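[1] Requesting a structural model of the entry that follows:
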Amino acid sequence: MITEGGMATGSLGSDWPDTGSASWIWFPDQSGVPAPAWITKGVLAHRLQGREGLPIHVLMIEDDPSIADMYRLQFEHDGFRVTVATTGEVGFSTLSGQAPDLVLLDLLLPDRSGFEVLATLNERFPTHPPVVILSNYGEPSMIDRGRSLGAIEYLVKSRVTPSEIVRRIPAWIEQGGGGGPGKS
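    Residues are numbered from 1 along each chain as shown. Below is the predicted model:
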């Protein structure tokens, strides 16, 4: 109800969550308010598990910090663990230490092309996780080259959103692959 002075008064009723719950929805894990049961049971129950019951781990090899942050924030919000590597070599180091469930690979990197990274992955890590190329380039010849090197998917950044990628991650992991051309 609005009073004469323009201030709202009254109650929305017991069906409405309190403001702590509302801030948790908008800022999960950062509001300082524990998640209410109605959220953890219904909304977050969909979060997926990777190997050994841990959250799914996505390695994103991307040198543009703005793009990497945009995807990282969405993935972490949806319950995935994310590692960002800014060069192919950092990506290889990450693969050596903590095997991710999926690799998202840009093609234009400072130390080598994404195609070179994928070819080297096939040589150095024969059973590497599935690789999805996420690039600004959408020319058919580049798509064909990425697929021939073993990428299970080739996406053009301007044609896909982070939330669309989140929805597809489980299928890509299940599709598996890795291990090079013709094996994905």
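[2] Okay, and residue 144 sits in which element?
    Residue 144 belongs to helix 140-148 when elements are defined using DSSP states H and E.
[3] could you point out which element follows that helix?
    Remark: after helix 140-148, the chain's next helix or strand is strand 153-156, criterion DSSP H and E.
[4] Just checking, which helix or strand succeeds that next one along the chain?
    Per DSSP H and E, the first helix or strand lying C-terminal to strand 153-156 is helix 162-175.
[5] Give the buried residues for that next one.
    Within helix 162-175, the residues that count as buried by 16 or more other Cβ atoms under 10 Å are 165-166, 169, 172-173. (Glycine included, C-beta is placed from N, CA and C.)
[6] Now for residue 125, how many residues are close by?
    Using other Cβ atoms under 10 Å, residue 125 is surrounded by 17 other residues.
[7] now do residue 128
    With other Cβ under 10 Å as criterion, residue 128 counts 22.
[8] which SS class is it?
    Secondary structure, DSSP: H, G, I helix; E, B strand; the rest coil: residue 128 is coil.
[9] Next one: it from residue 94, what distance?
    Per Cβ to Cβ, to the nearest Å, residue 128 is found 11 Å from residue 94.
[10] One more: residue 131?
    Residue 131 is 13 Å from residue 94, by Cβ to Cβ.
[11] the more surrounded of these two?
    Using other Cβ under 10 Å as the criterion, residue 131 and residue 94 rank with residue 131 on top: 29 against 19.
[12] hang on, the more buried one packs against residue 150?
    Yes - between residue 131 and residue 150 there is a contact under Cβ atoms under 8 Å: 6.6 Å.
[13] After the helix or strand bottoming out on mean pLDDT in the chain, which helix or strand is next?
    Lowest on mean pLDDT, DSSP states H and E among the helices and strands of the chain sits helix 37-38, with a mean of 43. Going down the chain from helix 37-38, the next helix or strand is strand 57-61, by DSSP H and E.
[14] List the contacts of that next one.
    Contacts of strand 57-61 with the rest of the structure, by Cβ atoms under 8 Å, 6 or more residues apart in numbering, involve 50, 68, 71-72, 75, 80-88, 90-91, 94-95, 98-106, 109, 114, 117, 129, 134, 169.
[15] and the angle from it to helix 162-175?
    Using axes from the mean of the first three to the mean of the last three Cα atoms, to 10 degrees, the direction of strand 57-61 lies 110 degrees away from that of helix 162-175.
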